[in-house]
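*Asks:* no sequence for this one, just the structure:
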């Protein structure tokens, strides 16, 4: 299980995880939210075979500009920032199976369809994954029985 540590960026987390998972064969990476972005970065490793993401802001998040001053990880979510700009290229080059859950049950007063944290548009920004839309919010997707069922089918198909 990976976690962001204070003042770590995606690049640092990927470097750390690459060392930790070295030597483990046929991995499926599972990532929620920013963890999905880390998962795309890890697809370049030869031992990573599949990626399963949930509620991942592939297009970044507009509030990242303000939030980056509180934690380094938000630098990775700046739309058109280095991390977000390179995601499509990295995913395309890896050419590995990727199933992505898009969560759509968010706050009605926001100006775009969202899951309470990330816009649906941002979750669908990456071209190529097998997208599945769930009418749940950003956090409840982790508790959904249908999430577990989809993950099991994806890992062992």
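*Replies:* Good, I have the coordinates. Just so we're clear, the structure is a prediction, and the values are computed from it rather than from any experiment.
*Asks:* tell me where this structure has strands.
*Replies:* Residue ranges of the strands in the chain, as given by DSSP state E, are 27-32, 48-54, 98-103, 130-134.
*Asks:* now these as a markdown table including mean pLDDT and mean neighbour count?
*Replies:* To be clear about C-beta, it is placed using only N, CA and C from the backbone, and glycine gets the same treatment. A markdown table is the format used below for those (pLDDT from 0 to 100; neighbours: other CB atoms under 10 Å):
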| stretch | mean pLDDT | mean neighbour count |
| --- | --- | --- |
| strand 27-32 | 96 | 19 |
| strand 48-54 | 97 | 22 |
| strand 98-103 | 98 | 24 |
| strand 130-134 | 98 | 14 |
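*Asks:* how about these in CSV, adding distance to residue 113?
*Replies:* Converted to CSV, the strands of the chain look like this (distance: least, CB to CB, whole Å):
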stretch, distance to residue 113
strand 27-32, 19
strand 48-54, 17
strand 98-103, 10
strand 130-134, 10
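*Asks:* how about those, which one is nearest residue 74?
*Replies:* Residue 74 lies closest to strand 27-32 among the strands of the chain, at 16.3 Å (CB to CB).
*Asks:* and that closest one with strand 98-103, angle?
*Replies:* Calculated by axes from the mean of the first three to the mean of the last three CA atoms, to 10 degrees, strand 27-32 forms an angle of 20 degrees with strand 98-103.
*Asks:* what does strand 27-32 rub up against?
*Replies:* With CB atoms under 8 Å, 6 or more residues apart in numbering as the contact definition, strand 27-32 has outside contacts at 21, 37-39, 42-43, 45, 47-56, 141-142, 151, 154-155.
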